[in-house]
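*Asks:* return atomic coordinates for the entry below.
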Amino acid sequence: MHFYCGDCGGKYPVEGLKYRCACGGYFQLCKMPGEEVNITVSLGETETPVIERAIRGVKMLLKLDYMQPSGSFKDRGAYVLINALKEFGVSEVVEDSSGNAGAAIAAYCAAAGIKCAVYLPEATSEGKIKQMLSYGAEVKKIRGSRDDVARAVLGAAKTVYYASHVYNPLFFEGTKSIASEIIRQTGTPDYIVVPLGNGTMLLGVYLGFKEAGRLPKIIAVQSANCAPVFSEFHGLPVLHPAPTVAEGIAVGAPIRLREIIAAVKESGGDIITVEDSEVVFAKEQLSGQGIYIEPTSGAAPAGAIKYFAGKYTKDLNIVVPLTGSGLKK
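*Replies:* Residues are numbered from 1 along each chain as shown. Prediction:
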């Protein structure tokens, strides 16, 4: 098992400090047939349930992925990444996050006995910060945007392993597991609607369904206040990001933008935006039906309502993952 550069093909060890190729390209994961990460650390991961709900006449199958141990889908990636790092003898990591990825990495590091420091925006919700601190992680608050945080962690990554949920392909190796679960539970969807910031969910969904040979149309949802991938996809000017209630996807410069766009295009899908008012509406509608999610998780159902308005038919199989628990906030 090793990393290779998606641009030049250069090979790198999984346990090395390099998180990006010398040529500037980003890593992909190479495994031999049958080669898997040795799992020794578990927090009780589970196959998350799927339930049906309708909002404004759009019926969707909600994948309750916030029912993972630390309260978000990011546990899928942390589970594989941290188990791999333990197997390769890594004893200390740094990570940058808007909250959920940091909490997931911190939780699995605690279980694995790996020292962890998480860089995050000053505005991160106190609930998420308390969660990371409870796991024994060191929390480093950075003034500025999510992108400022991503830049700040790179100094530490020169000497400490960077357990990034964006740079490190082992994380996507974990998040792709959602696809096989969905296939078992609902069959292959016609559409899967996902929130889009750094592309952690989207690329996992793409890889998982692609490996299964069953790729649904991927509808990616960005906040209208921070929509660089939407703008690039549709050939529009990229606007300066503004604050949004969907803080978990407020990423102004996603590093895997080309991969994200390629995945959506291959699926025959689309990238759309939603207003904060639409995110809040979707969240409130789900709360009224007994489902408590954090604001960022409202982006995907809001996108489904918007995208299928006027063109929904009852034979469509639409899956919408809900990514983070409302208890996080």
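
*Asks:* mind checking what secondary structure residue 117 has?
*Replies:* Here residue 117 is recorded as strand under DSSP: H, G, I helix; E, B strand; the rest coil.

*Asks:* can you give me the helices in the chain?
*Replies:* Here the chain has its helices, by DSSP state H, at 74-87, 100-112, 126-134, 146-156, 169-175, 177-186, 200-212, 228-234, 257-267, 276-287, 299-308.

*Asks:* report the contact partners of the closest residue to residue 276 other than its chain neighbours.
*Replies:* Distances taken as Cβ to Cβ, 6 or more residues apart in numbering put residue 245 closest to residue 276, at 4.7 Å, once the chain neighbours are dropped. Placement of C-beta: from N, CA and C, glycine included. Neighbouring residues of residue 245 by Cβ atoms under 8 Å, 6 or more residues apart in numbering: 223, 276, 279, 280, 295, 296, 298.

*Asks:* a markdown table for the residues you listed, including pLDDT and distance to residue 35?
*Replies:* Listed next are the contacts of residue 245 as a markdown table, based on pLDDT from 0 to 100; distance: Cβ to Cβ, whole Å:
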| residue | pLDDT | distance to residue 35 |
| --- | --- | --- |
| 223 | 98 | 38 |
| 276 | 98 | 44 |
| 279 | 98 | 40 |
| 280 | 98 | 45 |
| 295 | 95 | 39 |
| 296 | 96 | 34 |
| 298 | 98 | 38 |
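
*Asks:* mind giving me the domain ranges of the chain?
*Replies:* 1-35, 50-71+172-328, 75-170 (automatic domain parsing).

*Asks:* buried residues in the first one, which are they?
*Replies:* In this case it means domain 1-35. 1, 3-6, 12, 14, 19-21, 26-27, 29 (16 or more other Cβ atoms under 10 Å).

*Asks:* and the contacts of residue 245, which are buried?
*Replies:* Buried residues within those, counting neighbours by 16+ other Cβ under 10 Å: 223, 276, 279, 295, 296, 298.

*Asks:* list just the nearest of these to residue 265.
*Replies:* residue 223 (21.3 Å; Cβ to Cβ).

*Asks:* surely that closest one meets residue 278?
*Replies:* No. In this structure, residue 223 is not within contact of residue 278 by Cβ atoms under 8 Å, at 9.7 Å.

*Asks:* overlap in contacts of the two?
*Replies:* By Cβ under 8 Å, 6+ apart, no residue touches both residue 223 and residue 278.

*Asks:* from what I can see residue 164 touches residue 18, true?
*Replies:* No. Residue 164 lies out of contact with residue 18 (Cβ under 8 Å); the separation is 11.7 Å.

*Asks:* ok, which of the domains of the chain comes nearest residue 42?
*Replies:* Judging the domains of the chain by Cβ to Cβ, what sits closest to residue 42 is domain 75-170, at 7.5 Å.

*Asks:* the closest one: end-to-end distance?
*Replies:* 12 Å (Cα to Cα, to the nearest Å).

*Asks:* tell me the mean pLDDT for that domain?
*Replies:* What domain 75-170 shows for mean pLDDT is 94.

*Asks:* circling back to that earlier point, out of the buried residues of domain 1-35, which is nearest to residue 318?
*Replies:* residue 29 (29.6 Å).

*Asks:* and the closest residue to that closest one other than its chain neighbours, what is it in contact with?
*Replies:* The shortest distance from residue 29 to any residue other than its chain neighbours is 4.0 Å, reached at residue 169 (Cβ to Cβ, 6+ apart). By Cβ under 8 Å, 6+ apart, the contact list for residue 169 reads 3, 27, 28, 29.
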